[in-house]
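[1] The sequence and its predicted three-dimensional model are supplied below.
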Amino acid sequence: MTATLNRPEGPEETESERPDWAQLVVCAVMVVVGVFLIVDAMSLTAEFAKVDPVGPKLFPLVIGIGLLVCSVLLAIATWRGSRGTPDDGEDIDTSAPADWKTVGLLVLLFIATIALVDVLGWVIVGAGLFGGAATILGNRHWVRNLAIGLALSLISFYAFYVGLGIPLSAGILDGIL
């Protein structure tokens, strides 16, 4: 006795049988970031945080392992046919095209932040990051954005340096801060 499956004739797959490639790309990115965190954490030493009982390796290792586990689980669910539901936001027009200009400007701002943080220091670059991001995202009060960004970057600079004992780059303000 043989059982027959109710499958359509031919090599075509239905939409629900095809894997969601966007989710698989997310899995791949999660694997790359997880492996990077684990490899980088293994090279960390407790130079300036010798009083820390946990050490600098624990959190990157936990996050890296968590990313690897989540990426495997998401890949399994994706291959089994699980798909994310599209947004049904109240204030989101799902038929509108993506705003690639805004995304591109934000990516350029992040790249500039990475490139300039050692030279200019966190306080200046952090103020530019916050002010630039707020302006790119639509706030037209750029002077206020920079002022708020400067306050936030100064607070975070001293919170890391004084509160956590982790020095952030002072850059050109090295003797001033």
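    Structure's in. What do you need?
[2] going forward, measure contacts and count neighbours with C-alpha atoms only.
    Noted.
[3] domain ranges for this protein?
    As recorded under automatic domain parsing, the domains making up the chain are 21-79, 100-173.
[4] Lowest average pLDDT across the ones you listed?
    Mean pLDDT values for the domains of the chain show the minimum at domain 21-79, a mean of 87.
[5] Centre of the chain to that domain, how far?
    In terms of C-alpha atoms, centre = their mean, to the nearest Å, the centre of domain 21-79 is set 12 Å apart from its chain centre.
[6] Use 26 as the first number from now on
    Sure, I'll start counting at 26 from here, so that last one is domain 46-104.
[7] sorry, back to before: could the domains of the chain go into a markdown table alongside distance to Ile117?
    Shown next, in a markdown table, are these (distance: least, C-alpha to C-alpha, whole Å):
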| stretch | distance to Ile117 |
| --- | --- |
| domain 46-104 | 20 |
| domain 125-198 | 15 |
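[8] excluding its backbone neighbours, what's nearest Leu131?
    Ala158 (6.5 Å; C-alpha to C-alpha, 6 or more residues apart in numbering).
[9] can I get the domains of the chain in CSV with distance to Thr110 and mean neighbour count?
    What follows is these, written out as CSV (distance: least, C-alpha to C-alpha, whole Å; neighbours: other C-alpha atoms under 10 Å):
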stretch, distance to Thr110, mean neighbour count
domain 46-104, 12, 16
domain 125-198, 22, 16
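[10] Give me the most central residue, this structure.
    Geometric centre of the chain, nearest residue: Val58, 9.6 Å, by C-alpha atoms, centre = their mean.
[11] what sits against that residue?
    By C-alpha atoms under 8 Å, 6 or more residues apart in numbering, Val58 lies in contact with Gly89, Leu92.
[12] Distance check, it against Pro81.
    The spacing between Val58 and Pro81, counted by C-alpha to C-alpha, to the nearest Å, is 18 Å.
[13] what do you get for Arg169?
    Taking C-alpha to C-alpha, one finds Arg169 at 36 Å from Pro81.
[14] same question, Ile173
    31 Å.
[15] And Asp65, by the same measure?
    Counting by C-alpha to C-alpha, the gap from Asp65 to Pro81 is 11 Å.
[16] do Ala159 as well
    Taken as C-alpha to C-alpha, the span from Ala159 to Pro81 is 32 Å.
[17] could I get stretch 180-188 in CSV with only the CA atoms?
    The C-alpha trace of stretch 180-188 is given here as CSV (Å, rounded to 0.1, in the frame of the first residue of the first chain):
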residue,chain,number,x,y,z
ILE,A,180,27.3,62.9,30.3
SER,A,181,28.1,59.6,28.6
PHE,A,182,31.9,60.5,28.5
TYR,A,183,32.0,61.1,32.2
ALA,A,184,29.6,58.3,33.1
PHE,A,185,32.0,55.8,31.4
TYR,A,186,35.2,57.4,32.7
VAL,A,187,34.2,58.2,36.3
GLY,A,188,31.3,55.8,36.9
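[18] Cool, thanks, talk later.
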